[in-house]
Structures are given as C-alpha cells and as structure tokens.
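Visitor: Build me a structure from this.
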Amino acid sequence: MKERAQRKKEEVRQIILETVASSNQVRKLELVDTLQRIGVDYHYKEEIDDLLRSIYDDKDGGSDNLYITSLRFYLLRKHGYGVSSDVFEKFRDEPGNISSDDVSCLLMLYDAAHLRTHGEEILDNIITFNKSHLQFLTQKNLEPELAKEVKCTLETPRFRRVKRVEARRYISVYEKKGM
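Guide: Prediction:
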C-alpha cells in the first residue's frame, strides 16, 4: 500500500510540474484549488508555491473571465500575495454591482470577496449583493448538487471551513464532476 501511495504521489507531482511548465493559467489555478480542497496540498507545498509565484508574476490580473479572476484573487490572497481588489472593477455594471448568470462563478466571487481587508468597499459590495443573489437562486430550480454547494457557501465561506471536513465533502463533489 505504501509503495502504491508513493507512486500516486509521484504521479501527481509530475502533473504539477508539467502544469508549472505550461502557460495555461486556468489549469494552474484549478489544480492548486483542487489539491487544496481535497486536502493533499501539504504533500506538494514547494510545487504549489512555485505555481502560485508563476500565477502572481503573470500580471494580466486574471483575464476578462470573472471566474478565473475570482479564483486567482482567492488563491493568491489566501497565500499572502498582495493582490488589489481593483481587478474586479472591469466587471462592475452601472449601479456598481458585479453579477453573472453562472452560479459557479458567483460562488467563486463570493468566496474571493471574503478575503477582503478593511476598507475594500468593492469586496464589501460583492458580498452583500451576491449573498442576496445566491439566496434568490436557491429558490430556483438548481441542480441538487449545485444547490447544496450554494447553501454550504452561504453558511460558511470556503476559507473559514474546517480543512478536513471540507476535503471529505469536496471529494464526493469532485467525483461527481467526473474529472
């Protein structure tokens, strides 16, 4: 069993190294996020630090995709990188809100906004607006798994969840994604 586990760890390490070498920022972000959410990131601390450093050094701010920008902001802030909340300015509408029809995007934005610091008004507004928007969406016909994810996020933002409990919960979600 130990040999098999070691082989699997090395396979994942190889995937991480290949991802570091690639220029696909989305793949890098989602890999780091998945490793953290399933609770195995401690095996690859150095590799994840390299990945995050390469993401941080790529100064495009996360592209014009709100989900990618939110995930980038979330991961970098969570790891202590100084990322400005101004990256969300380009997504604001006339009243100053940021919204999307994509529930996954709204969830990631909501989680990212919870990593705000004092005085970041745009992030305060995101939390207020998206909380009511997500609550409204739970009353619509969402897929059961997505509805559970929204409910879980509204109860406890991701960064405040107990790591082991979150890993156990997310593994079943990840399996259903078919990745």
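Visitor: Next, the buried residues of whichever helix in the chain runs longest.
Guide: Ranked by residue count under DSSP state H, the longest helix found in the chain is helix 2-21. Neighbour-count burial for helix 2-21, counted by 16 or more other CB atoms under 10 Å, picks out 12, 16, 19-20. From N, CA and C alone the C-beta is placed, and that goes for glycine too.
Visitor: which stretches of this structure have low pLDDT?
Guide: 59-62, 177-179 (pLDDT under 70).
Visitor: how does it look with 50?
Guide: 179 (pLDDT under 50).
Visitor: ok, which stretches of it are helices?
Guide: Under DSSP H, the chain gives helices at 2-21, 25-37, 45-57, 66-78, 103-113, 121-138, 144-155, 163-177.
Visitor: okay, the angle between the longest helix of the chain and helix 45-57?
Guide: Angle, helix 2-21 to helix 45-57, by axes from the mean of the first three to the mean of the last three CA atoms, to 10 degrees: 20 degrees.
Visitor: I would like the residues contacting helix 2-21, please.
Guide: 27-28, 31, 35, 40, 43-44, 47-48, 50-51, 54 (CB atoms under 8 Å, 6 or more residues apart in numbering).
Visitor: okay, now residue 106: neighbour count?
Guide: 25 (other CB atoms under 10 Å).
Visitor: wait, it sits on residue 98?
Guide: No - distance between residue 106 and residue 98: 9.0 Å, which falls outside the contact criterion (CB atoms under 8 Å).
Visitor: and for those two, which residues touch both?
Guide: Common neighbours of residue 106 and residue 98 (CB under 8 Å, 6+ apart) are residue 130.
Visitor: Please name the nearest non-neighbouring residue to the residue nearest the centre of the chain.
Guide: Residue closest to the average C-alpha location in the chain (CA atoms, centre = their mean): residue 71, at 4.0 Å. Of all residues not flanking residue 71 in the chain, residue 29 sits nearest, at 4.8 Å (CB to CB, 6 or more residues apart in numbering).
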